[in-house]
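# Below is the sequence, then the predicted model.
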Amino acid sequence: MSVVALVPAAGRGERLGYGMPKALVPVNGVPLLTRAVQGLFESGQVQHVVIAAPPSDVDQVHTATASLAPAGGAVHVLPGGSERTDSVRLALEHALRVIPDTSIVLVHDAARAFTPPEVIAGVVAAVRGGYDAVIPVLPVADTIKQVDEAGVVVSTPDRAALRIVQTPQGFRAETLRAAYCSGIAATDDAALVEQTGVAVHTVPGHPHAMKITTPFDLAVAEALFSGGQE
Ligand SMILES: Nc1ccn([C@@H]2O[C@H](COP(=O)(O)OP(=O)(O)OP(=O)(O)O)[C@@H](O)[C@H]2O)c(=O)n1
Ligand SMILES: C[C@](O)(CO)[C@H](O)COP(=O)(O)O
């Protein structure tokens, strides 16, 4: 079964405010996107990576990542879309068109550049084991409130039933293809699958799989991964 990872990397990184697309921002000299792709291949489970890159940087991204693929695999780079869902859709269409025997698809944010390879392998193992859709999650440490438009609290959901969702999210290729037929947008890929009635299963995530979104997150990553700990 060929495992293909789609890497949405075309975001502008406005909340980070670094002055370049977030995927290209270096942490201790290595761009986030390069780290994310390295982690996917280091899991030992991924043969092909399809990157949805910032449209102005496709050639640069291809040069930086092509040599990371293992023997028999490849890195494919194409221009991403205007929203994350568009980038994933474009990468999925490419994978299904040009990579033979694509049977399992992972979707992994470039912004989750420090995801341990063991988490990636765990997601793949759960799909290989028979689940159609698998996501890595963490428990919620804070109390969560639902509020109305005026910021007034409406309810306090039981946090024992809530999870923080990470990537990679893993799917049988046909399950994700069918979910993307809907044409709607969502903040993660599992939400599209949920709407088709397919059960989405969870496996343990990891704090290092945090999404680099703000300057605070980048500072945390620089402190954690200042060399040697990776
Ligand atoms: N049009 C887009 C928007 C986002 N992404 C990717 O989706 C992942 C999660 O998005 P997020 O962290 O929100 O990144 P940005 O959209 O860059 O952030 P911001 O909203 O701050 O601009 C990132 O790897 C990002 O590059 C993408 O491929 N295409
Ligand atoms: C897919 C995701 O990383 C799961 O937590 C997240 O939903 C991406 O959201 P964003 O709005 O693109 O940051």
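Done, it's in. Since this is a predicted model, take the numbers as computed values, not measurements. Ligands and ions are numbered 1, 2, ... in the order given.

# Name the residues of stretch 4-16 that come out as buried.
Within stretch 4-16, the residues scored as buried using 16 or more other C-beta atoms under 10 Å are 4-11, 13, 16. To be clear about C-beta, it is placed using only N, CA and C from the backbone, and glycine gets the same treatment.

# what's the answer for stretch 183-196, then?
186, 188-193.

# Kindly check the end-to-end length of it for me.
Stretch 183-196 has an end-to-end distance of 12 Å (criterion: C-alpha to C-alpha, to the nearest Å).

# anything in it near ligand 2?
Yes - Stretch 183-196 reaches ligand 2 (C-beta under 6 Å from any ligand atom) through 187-188.

# And the pLDDT at Gln229?
With respect to pLDDT, Gln229 has a value of 49.

# what about Pro136, helix or strand, and which?
Under the criterion of DSSP states H and E, Pro136 resides in strand 133-139.

# Can you list the buried residues in that strand?
Within strand 133-139, the residues that count as buried by 16+ other C-beta under 10 Å are 133-138.

# One more: stretch 160-168?
Within stretch 160-168, the residues that count as buried by 16+ other C-beta under 10 Å are 164-168.

# okay, how far is it across that stretch, tip to tip?
Stretch 160-168 has an end-to-end distance of 23 Å (C-alpha to C-alpha).

# now check it, is it near ligand 2?
Yes - judged by C-beta under 6 Å from any ligand atom, stretch 160-168 comes into contact with ligand 2 through 165-167.

# List the contacts of Pro79.
10, 52-55, 58, 90 (C-beta atoms under 8 Å, 6 or more residues apart in numbering).

# Spell out, range by range, the strands that occur in this structure.
Ranges of strands in the chain, per DSSP state E, are 2-8, 26-27, 30-31, 48-53, 74-79, 102-107, 133-139, 146-147, 153-155, 163-165, 169-172, 201-204.

# Now mean pLDDT too, for these, in a markdown table please.
Converted to a markdown table, those look like this (pLDDT from 0 to 100):
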| stretch | mean pLDDT |
| --- | --- |
| strand 2-8 | 96 |
| strand 26-27 | 96 |
| strand 30-31 | 96 |
| strand 48-53 | 98 |
| strand 74-79 | 98 |
| strand 102-107 | 97 |
| strand 133-139 | 98 |
| strand 146-147 | 98 |
| strand 153-155 | 98 |
| strand 163-165 | 98 |
| strand 169-172 | 98 |
| strand 201-204 | 98 |
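
# out of those strands, nearest to Val119?
Evaluated over those, closeness to Val119 peaks at strand 133-139, with 5.3 Å, by C-beta to C-beta.

# and that closest one, anywhere near ligand 2?
No - for strand 133-139, no contact with ligand 2 is found by C-beta under 6 Å from any ligand atom; the gap never falls below 8.0 Å.

# Work out the gap between that strand and the centre of the chain.
On the basis of C-alpha atoms, centre = their mean, to the nearest Å, strand 133-139 sits 12 Å off its chain's mean C-alpha point.

# No further questions, thank you.
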